[in-house]
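J.: next input, structure requested:
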Amino acid sequence: MYDLKEKAHKLIDSLPNEKLVYVVAILTGMKGLIINEEEPDVFDLLLIADSKIDNDETMDLDDFAAKLGFDAHEFKN
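T.: Numbers count the residues shown, from 1 in each chain. Sure, this is the predicted structure:
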């Protein structure tokens with residue numbers, strides 16, 4: 001863990017002052033973040049297995065939404 005903190009400090013030290021506002025905002029948000037460490041359930045495992053596409057094929061966002069039962073255009077303003 002110390003190595004990660006040391007690396008973070010070095011990265012922060014290398015940034016110009018005008019970019020530090022973004023780092024502070026991110027760190028402030030992360031401080032309150034609660035990460036739930038739980039084992040994936042059956043649905044999660046199915047999504048993981050389904051995401052592994054052979055031969056590096058890609059899927060259009062509309063097709064992906066349709067595969068999950070959603071209309072990608074339904075939520076657009």
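J.: make it CA atoms for all contacts and neighbour counts henceforth
T.: Will do.
J.: can you give me the mean pLDDT across the helix or strand encompassing Leu46?
T.: Leu46 belongs to helix 42-51 when assigned by DSSP states H and E. For helix 42-51, mean pLDDT is 83.
J.: could you point out which element follows that helix?
T.: Immediately after helix 42-51, counting by DSSP H and E, sits helix 61-67.
J.: what sits up against that following helix?
T.: Residues outside helix 61-67 that contact it (Cα atoms under 8 Å, 6 or more residues apart in numbering) are 71-72.
J.: buried sites along the helix holding Leu46?
T.: The neighbour-count check on helix 42-51 (16 or more other Cα atoms under 10 Å) flags nothing as buried.
J.: pLDDT (mean, whole number) over the longest helix anywhere in the chain?
T.: Criterion DSSP state H: the longest helix present in the chain is helix 17-31. For helix 17-31, mean pLDDT rounds to 87.
J.: and the end-to-end length of stretch 47-61?
T.: 15 Å (Cα to Cα, to the nearest Å).
J.: Phe43 and Ala25, how far apart?
T.: Phe43 sits 34 Å away from Ala25, going by Cα to Cα.
J.: measure Leu27 to Leu33 for me?
T.: According to Cα to Cα, Leu27 and Leu33 sit 10 Å apart.
J.: between those two, which is the more surrounded one?
T.: Leu27 (12 against 9; other Cα atoms under 10 Å).
J.: pull up the gap between that one and Lys7, please.
T.: Taking Cα to Cα, one finds Leu27 at 15 Å from Lys7.
J.: list the contacts of stretch 26-40.
T.: Contacts of stretch 26-40 (Cα under 8 Å, 6+ apart): none.
J.: report the buried residues of that stretch.
T.: Using 16+ other Cα under 10 Å, none of the residues of stretch 26-40 count as buried.
J.: using PDB, list the CA coordinates for it.
T.: The C-alpha coordinates for stretch 26-40 follow below in PDB (Å, rounded to 0.1, in the frame of the first residue of the first chain):
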ATOM      1  CA  ILE A  26     -11.500  13.300  -7.300                       C
ATOM      2  CA  LEU A  27      -9.900  12.500  -3.900                       C
ATOM      3  CA  THR A  28     -12.700  14.200  -2.100                       C
ATOM      4  CA  GLY A  29     -15.200  12.100  -3.900                       C
ATOM      5  CA  MET A  30     -13.200   8.900  -3.400                       C
ATOM      6  CA  LYS A  31     -13.000   9.600   0.300                       C
ATOM      7  CA  GLY A  32     -16.800   9.100   0.700                       C
ATOM      8  CA  LEU A  33     -17.000   6.200  -1.700                       C
ATOM      9  CA  ILE A  34     -18.000   2.900  -0.200                       C
ATOM     10  CA  ILE A  35     -17.000  -0.100  -2.200                       C
ATOM     11  CA  ASN A  36     -19.100  -3.200  -1.500                       C
ATOM     12  CA  GLU A  37     -16.800  -6.200  -1.600                       C
ATOM     13  CA  GLU A  38     -19.200  -9.000  -2.400                       C
ATOM     14  CA  GLU A  39     -19.000 -12.100  -4.500                       C
ATOM     15  CA  PRO A  40     -20.600 -11.900  -7.900                       C
END
